[in-house]
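> heads up, no residue letters with this:
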């Protein structure tokens, strides 16, 4: 069950991007090449969604609190699985 929840969490932003691309004009005219949406889809899907939201809702203006705060949150969401959870083992004292 936990593996299924992790799988759903990883697929959800990518599913949203695919649905937006297939059924709307959300990404039309935002990128000059196809490379950036593909890189965003593979590596930083939540950040890609936030970037397009800023382009639509804030007119592409990155000045202000909400665009920057949203970018930081999106990056934290996208990069949090790569942090790893390394904890050194405790040695048994004899």
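Cool, got the structure. Please read all numbers here as calculations on a predicted model, not as lab measurements. Numbering: from 1, shown residues only.
> remind me, longest helix of this protein?
helix 2-23 (DSSP state H).
> so for that helix, what gets flagged as buried?
13, 17 (16 or more other Cβ atoms under 10 Å). Backbone N, C-alpha and C define where each C-beta goes, glycine included.
> what packs against it?
helix 35-43, helix 45-57 (3 or more Cβ pairs under 8 Å, 6 or more residues apart in numbering; DSSP states H and E).
> reformat those helices as JSON lines; add mean neighbour count.
Formatted as JSON lines, those follow (neighbours: other Cβ atoms under 10 Å):
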{"stretch": "helix 35-43", "mean neighbour count": "13"}
{"stretch": "helix 45-57", "mean neighbour count": "19"}
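> now name the helix or strand holding residue 71.
Residue 71 belongs to helix 65-79 when elements are defined using DSSP states H and E.
> in that helix, which residues are buried?
67, 70, 74, 77, 78.
> outside of that helix itself, list whatever touches it.
43-47, 49-51, 53-54, 58, 61-62 (Cβ atoms under 8 Å, 6 or more residues apart in numbering).
> out of the residues you listed, which one sits closest to residue 33?
Distance ranking of the contacts of helix 65-79 against residue 33, using Cβ to Cβ, places residue 51 first at 14.6 Å.
> just checking, the closest one touches residue 40?
Yes: shown here, residue 51 and residue 40 form a contact pair, counting by Cβ atoms under 8 Å, at 7.3 Å.
> just put the contacts of helix 65-79 in CSV and tack on pLDDT and distance to residue 4.
Shown next, in CSV, are these (pLDDT from 0 to 100; distance: Cβ to Cβ, whole Å):
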residue, pLDDT, distance to residue 4
43, 93, 23
44, 93, 23
45, 94, 19
46, 93, 20
47, 95, 25
49, 93, 23
50, 93, 26
51, 95, 29
53, 91, 28
54, 94, 32
58, 93, 36
61, 94, 40
62, 93, 37
